[in-house]
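this is a predicted model, with the sequence first.
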Amino acid sequence: DQQVKQNSPSLSVQEGRISILNCDYTNSMFDYFLWYKKYPAEGPTFLISISSIKDKNEDGRFTVFLNKSAKHLSLHIVPSQPGDSAVYFCAVYTSGTYKYIFGTGTRLKVLA
Amino acid sequence: DAGVIQSPRHEVTEMGQEVTLRCKPISGHDYLFWYRQTMMRGLELLIYFNNNVPIDDSGMPEDRFSAKMPNASFSTLKIQPSEPRDSAVYFCASRPSGNTIYFGEGSWLTVV
């Protein structure tokens, strides 16, 4: 039973527009949330994170939003660039356990 | 600074053979994780260690899978006997005192 779901396997966006990637989780005990980006034939790399005490965190073109009541996490990329084309994974864990659970991933394609 | 090092990068083996995947975590990282990536399940946590001690192996799919961490700089994931459904990319990751985990480039396993 998937505790972390990314319901969109793929997403295509025009260059310069906003990309929105979504993630839903089931356990309210999760209190730290991360996004990773993965290019083909490489390992995932860390992108941005947020703790449960916040509802938004920004880093340049990337913003993560957390809606705890809905158990929903999203990543916004503005503006999207062709180099952002990759698979994006959300990940969650509960403080103290460090059991990082990942979603199934969303493949983003940014069209030039 | 060297990242997480995995070997082999690619392995093709026949069904029934033993497969051993190896990982050298980043020096000073006290957590080590083994993940498997498949299309259906995304990044699936198999097992993780803290200070060389297995903490949670609930993700190990069957008794055919085993993992060890004999010291702080080396871990192995063994599949014996291997089956075609074990074909996947296996990632090792390690974590320092912060909240981010760092992945290796993965070991691509094909069982024919």
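That came in fine, so what should we check first?

does stretch B:78-97 reach chain A?
Yes. Counting by C-beta under 8 Å from any C-beta of the partner chain, chain A has neighbours in stretch B:78-97: B:91, B:93, B:95. All C-beta spots, glycine's among them, are computed from the backbone N, C-alpha and C.

narrow those to those in strands?
B:91, B:93, B:95 (DSSP state E).

what's the closest non-adjacent residue to the last one?
It stands for B:Arg95. Spatial nearest neighbour of B:Arg95, excluding adjacent residues (C-beta to C-beta, 6 or more residues apart in numbering or on different chains): B:Tyr31 at 3.9 Å.

just the first one next, same as before
Computed as C-beta to C-beta, 6+ apart, the closest residue to B:Phe91 that is not its neighbour in sequence is B:Tyr35, at 4.5 Å.

got a list of what that neighbour touches?
Shown in contact with B:Tyr35 (C-beta atoms under 8 Å, 6 or more residues apart in numbering or on different chains): A:102, B:43-46, B:90-93, B:103.

just A:Lys99 next, same as before
A:Lys99 sits next to A:93, B:45, B:48, B:55-56 when contact means C-beta under 8 Å, 6+ apart.

ok, now with 7 Å
By C-beta atoms under 7 Å, 6 or more residues apart in numbering or on different chains, the contact list for A:Lys99 reads A:93, B:45, B:48, B:56.

would you turn the ones in strands among the residues of stretch B:78-97 next to chain A into CSV with pLDDT and neighbour count?
Formatted as CSV, these follow (pLDDT from 0 to 100; neighbours: other C-beta atoms under 10 Å in any protein chain shown):
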residue, pLDDT, neighbour count
B:Phe91, 98, 25
B:Ala93, 97, 27
B:Arg95, 94, 20
